[in-house]
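Engineer: after the sequence you'll find the predicted model.
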Amino acid sequence: MGRKINYEIKNQIEKEARRLFLEKGYKATSMNDIAKVIGKEKTYVQKHFPKKEIFIYNFFSDLLDASDLFFAERNIKTKDYYMNLYLIGQIHFAFLLSTKEMKKFTIDILSDRELTEVLIKQDMEWASEYLTHFPLEEEREFKDNVTIVMGGIYELAYQHIKSGRPLDPQKLQKKAMMLFTFVQGLPIEETDKRFEENVISDALFADAITFLRKSLFLKCKAYT
């Protein structure tokens, strides 16, 4: 029988790691830094998080879950799966671009090929949770399409942040969804109209960013 995982400790480590990532940047934060701030040795952190990349996978998983919860709690979600992805995507990118610290954190991730692959894989797995009723071949095609779209969009975001060019999260997400609409073979004109009807207001953006910041940096999602 395996040793029972102490989720309270894992949450503590992850919370402190995220705080350091926000303060120093992901690349500038070492496993030793994380260990020091919780008063432990590096091996203690590695026992719970063998690789630093796990923090990133968990962070973006929590970001998507928290974005989904934000709309669910406000009864804003629709019955249209693609429109829900569009709503979530808008605050997803708005949050990643919300502050100087978040932009630094984001470019740290997107400038690393392996981390970007982790991010795309996480997006693909999260989006695919809703596709269990699809035939296997359609699931595979959907995952390929997510890879095509998010790979391109993350590269676009990286180039904008790196060059200092302004980047509108709504426009970025619309580009992503229009490309996804095309590769999925959905009716483009009809879908485009639905996108225009689901553009998020500035007030809702501000509310979402506050909600996500508290969810991701002040308290980590409880492990179950």
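Structural biologist: Structure received.
Engineer: quick check: buried residues in the lowest-mean-pLDDT helix or strand in the chain?
Structural biologist: The least trusted helix or strand in the chain, going by mean pLDDT, DSSP states H and E, turns out to be helix 188-197, with a mean of 74. Along helix 188-197, these residues count as buried under the neighbour rule (16 or more other C-beta atoms under 10 Å): 191, 194-195. Any C-beta I mention is one placed from the backbone N, CA and C, and that applies to glycine too.
Engineer: just say helix, strand or coil for the closest residue to N145 other than its chain neighbours.
Structural biologist: Distances taken as C-beta to C-beta, 6 or more residues apart in numbering place V183 nearest to N145, at 4.4 Å, with adjacent residues excluded. Following DSSP: H, G, I helix; E, B strand; the rest coil, the label given to V183 is helix.
Engineer: what's the distance between V183 and L20?
Structural biologist: Distance of V183 to L20, computed by C-beta to C-beta, to the nearest Å: 38 Å.
Engineer: okay, those two: which has more neighbours?
Structural biologist: For V183 versus L20, neighbours defined as other C-beta atoms under 10 Å are more numerous around L20 (19 against 15).
Engineer: now the more buried one: phi and psi?
Structural biologist: With angles defined as degrees, to the nearest 10, L20 sits at phi -70, psi -40.
Engineer: and if you look at E41?
Structural biologist: According to degrees, to the nearest 10, E41 has phi -80, psi 160.
Engineer: show me what the top helix by length along the chain is packed up against.
Structural biologist: In the chain, assigned by DSSP state H, the helix with the most residues is helix 136-163. Counting contacts by 3 or more C-beta pairs under 8 Å, 6 or more residues apart in numbering; DSSP states H and E, helix 136-163 packs against helix 100-110, helix 113-128, helix 169-184.
Engineer: quick one: average confidence on that helix?
Structural biologist: Mean per-residue pLDDT for helix 136-163: 88.
Engineer: what angle do helix 113-128 and that helix make with each other?
Structural biologist: 130 degrees (axes from the mean of the first three to the mean of the last three C-alpha atoms, to 10 degrees).
Engineer: what comes up buried for helix 136-163?
Structural biologist: 142-143, 145-146, 149-150, 153-154, 157-158, 160-161.
Engineer: mind giving me a markdown table with the residues you listed and columns for distance to K36?
Structural biologist: Converted to a markdown table, the buried residues of helix 136-163 look like this (distance: C-beta to C-beta, whole Å):
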| residue | distance to K36 |
| --- | --- |
| F142 | 43 |
| K143 | 39 |
| N145 | 43 |
| V146 | 38 |
| V149 | 39 |
| M150 | 34 |
| I153 | 36 |
| Y154 | 31 |
| A157 | 32 |
| Y158 | 30 |
| H160 | 34 |
| I161 | 29 |
